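1. Sharing a model that was predicted from the sequence below.
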Amino acid sequence: MEKKNLFGLTLAELENELADLPKFRAKQIANWMYQRGAISFEDMTDLSKNLRADLMQRYEILTPQLVKKLVSKDNLTTKFLLAFADGAAVEVVLMRHDYGNSICISTQVGCAMGCKFCASTLNGLQRNLTAGEMLGEIIFVQNFLREENQKVDTLVIMGTGEPLTNFDNLLKMLKLLHESYTLNFSYRKITISTCGIVPAIKKLIAEKIPVTLSISLHAPNNKLRSALMPINSAFPLNEVLKSGEEYALETGRRVTYEYILIGGVNDTEEHARQLAKILSGQLCNVNLIPINPVDERNFQPPTHNATQKFFHFLNTHNINATVRKEFGAGINAACGQLRNQNLKKSKD
Ligand code: SAH
C-alpha cells in the first residue's frame, strides 16, 4: 500500500487523517515536522516506539533532500539545490543581510514564461511545486539555520517559476507558513515576484493578505517588453501597471517594479525617461538589477556609468529607485543556473 505523505498538511488535515488517534497527536506531529526539524517519525522521540512504528507503516514525511550546497567567498550567500521525491530539483538561496536572513524559494520546476534573459525557463516547465514542497524549501533552510541559533527572517518568492501561475498551491503554502503551529511567519515579511499575470494579481488583492508585490517590468514600452517577455502579449504593460496601482491602493503597500538593466537593450536615458513617465504618480519603488549574464543567452551587463545614470534619472524625476546589491554571482545564484548545470551534467 502506498504510504500517505503528511508533510504539507494543515493541522485540520492532520487531525482528519489521524482521526483514530487522540487529537493532541496531530498537533504534536505538526510541531515536530514544522517547528522541531523532524524529517522522520524516528525523530519524534516523545511518541512511543509502538506509535512510531505504526505511523511508519502508514505514512511518510516527504522533505527535500540536499543535492548540492554552494557558499559564496564572503559567506553571505548560500545556495542549496534540493531534490524532491520524484528527483526534480530546485534552487533555494539564503542571503545573510544586516537586517536578517532572507531566503529566495522556487515555486515551479522550470518555468513556462520564456523570458529571453532568464536561465530558469531554458528547458520549459516541468511541473508545479505543491504547497508542502514549497514549505519544505523554507523549513529546510530553517533547520539549517537552527544549528547556528538563527532563523529565516524574510522570504522572497523569486526563485525559479512563476508563482502566480501556481496560485492555489502558493496560497495554501503562505497560509500554512503563517500558522502558529508552523513558523508563525508574518505576511509582511514576504515578497512575491511576478512577471505580471494580471488576473492572478487581482485574485491576490482579493485575498487581503499583506504581502509585498514585486512586478518584473524590464522594459518601459510594449514593443521592447514583448520582445523580452512573451507574457506581455497576453497581459500588456498598461494592464500590468493598472493592476500594480490597484494593488497599492487596495493594500496600502508600495509595489516594487523590478527592472533588469541589459547593456544596450533597455538602459539608455530614453528608456529611463519612458519608465519615469509610465510610473509617475504610483506608490512604488523601482529596483534596478544589472543583468546577471547567462551562458546560453547573449545579453551583456550595463556599464557602471549607464547604471548610475539610469538610477540618477529616475530619482531626479520623482521615482524612488535603488540598485540591487549583488549577492552570490560567484556561485551562480541567478535563478536557474545551478539547476541547469546539474541537468547538463546528468545528460553528459
Ligand atoms: N517569475 C517571477 C519570479 C521569478 S524571476 C518573475 O518574473 O518575477 C525573479 C526575478 O529575477 C525576476 O525579476 C526576473 O526577471 C529576474 N531575472 C531573471 N533572469 C535574470 C538574470 N539573468 N539576471 C538578473 N535577474 C534575472
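-> That came in fine, so what should we check first?
2. can you list the residues of this structure near the ligand?
-> By the rule Cβ under 6 Å from any ligand atom, the part of the chain lying against the ligand is 113, 115, 117-118, 158, 162, 193-195, 216, 258, 260, 289, 291-292, 294, 334-335. To be clear about C-beta, it is placed using only N, CA and C from the backbone, and glycine gets the same treatment.
3. how about 8 Å then?
-> Contact residues, the chain versus the ligand (Cβ under 8 Å from any ligand atom): 107, 111, 113, 115, 117-120, 157-164, 193-196, 214-216, 218, 229, 258, 260, 289-294, 297, 299, 334-336.
4. Going by neighbour count, which of these are buried?
-> 107, 111, 113, 115, 117-120, 157-164, 193-196, 214-216, 218, 229, 258, 260, 289-294, 299, 334-336 (16 or more other Cβ atoms under 10 Å).
5. Filter those down to the ones in strands?
-> Counting by DSSP state E, the part of those found in strands is 157, 193-194, 214-216, 258, 260, 289-290.
6. Take these and lay them out in JSON lines including distance to residue 205 and pLDDT.
-> Listed next are these as JSON lines, based on distance: Cβ to Cβ, whole Å; pLDDT from 0 to 100:
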{"residue": "157", "distance to residue 205": "16", "pLDDT": "98"}
{"residue": "193", "distance to residue 205": "16", "pLDDT": "98"}
{"residue": "194", "distance to residue 205": "12", "pLDDT": "98"}
{"residue": "214", "distance to residue 205": "15", "pLDDT": "98"}
{"residue": "215", "distance to residue 205": "13", "pLDDT": "98"}
{"residue": "216", "distance to residue 205": "18", "pLDDT": "98"}
{"residue": "258", "distance to residue 205": "19", "pLDDT": "97"}
{"residue": "260", "distance to residue 205": "25", "pLDDT": "97"}
{"residue": "289", "distance to residue 205": "25", "pLDDT": "95"}
{"residue": "290", "distance to residue 205": "31", "pLDDT": "94"}
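7. Closest to residue 38 out of those?
-> residue 157 (25.0 Å; Cβ to Cβ).
8. Would you agree that closest one is in contact with residue 189?
-> No. Contact criterion Cβ atoms under 8 Å: residue 157 and residue 189 do not qualify, at 11.7 Å.
9. ok, of the ones in strands among the buried ones among the residues of the chain next to the ligand, which one's closest to residue 233?
-> residue 216 (15.3 Å).
10. List the residues that contact the closest one.
-> Applying Cβ atoms under 8 Å, 6 or more residues apart in numbering to residue 216 gives the contacts 115, 193-196, 229, 257-258, 260.
11. and it, what are its bridge partners?
-> Beta bridges link residue 216 to residue 258, judged by DSSP bridges.
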